[in-house]
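Asks: structural data only, the sequence is not supplied:
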């Protein structure tokens with residue numbers, strides 16, 4: 001990869017990393033602590049990630065357990081979970097909070113797969129936009145002392161990188177869809 005194209009490949013890699021992070025927050029059948037990544041708890045007036053106010057464990061396949069470091073945070077954590085888009089009612093026994101994940105219905109699984117596909121399509125658009133920006137920059141280079149053949153080679157390298165990352169998005173989408181549809 002030419003040094004002039006490295007910044008575009010780095011941006012494409014970040015788009016893939018963002019997609020992977022997004023996919024981690026989508027729950028599929030099993031309890032996954034990453035579904036809590038976007039939830040913030042009011043910790044002395046500061047919105048704080050749940051991971052920073054307690055210990056999160058998965059004692060069973062469909063249960064997440066949150067043990068706050070301060071008992072006074074139980075209510076705040078419970079409230080944050082209930083107001084989130086998680087759709088799960090937390091149970092509080094006075095020392096820990098448990099989230100029991102019900103089995104996903106077939107309809108819900110299909111909705112989640114649609115969401116996965118939409119996120120993949122958004123990533124592909126982002127990657128193509130990065131390619132377009134790269135091609136625009138290469139056209140400007142062509143007005144300087146760089147040969148047309150060299151510009152053509154750089155455009156081909158950029159297209160190969162784009163194809164590679166689009167293929168990776170498809171692979172991530174297929175894997176996540178399969179994970180969701182597996183009962």
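Replies: Yep, that arrived. Computed from a predicted structure; not experimentally measured.
Asks: every contact and neighbour count from this point should use C-alpha atoms.
Replies: Noted.
Asks: check contacts around residue 26.
Replies: 35, 112 (C-alpha atoms under 8 Å, 6 or more residues apart in numbering).
Asks: that one in helix, strand or coil?
Replies: coil (DSSP: H, G, I helix; E, B strand; the rest coil).
Asks: got the buried residues for the top helix by length along the chain?
Replies: Ranked by residue count, the top helix of the chain under DSSP state H comes out as helix 106-142. Residues 109, 112-113, 116-117, 119-121, 123-124, 126-128, 130-131, 134-135, 138-139, 142 are the ones in helix 106-142 that count as buried (16 or more other C-alpha atoms under 10 Å).
Asks: check stretch 148-166 too.
Replies: 151, 154-155, 158-159, 161-162, 165-166.
Asks: stretch 52-62 now?
Replies: Quick answer for stretch 52-62 (16+ other C-alpha under 10 Å): 53-54, 56, 58.
Asks: tell me which two of the residues you listed sit farthest apart.
Replies: Greatest spatial distance among the buried residues of stretch 52-62 (C-alpha to C-alpha): 53 and 58, at 16.5 Å.
Asks: pLDDT score for the residue in the chain sticking out farthest from the centre?
Replies: In the chain, counting by C-alpha atoms, centre = their mean, residue 145 sits farthest out from the average C-alpha position, at 41.6 Å. Residue 145 carries a pLDDT value of 72.
Asks: and it, that one's in a strand?
Replies: No - under three-state DSSP, residue 145 sits outside any strand and is assigned coil.
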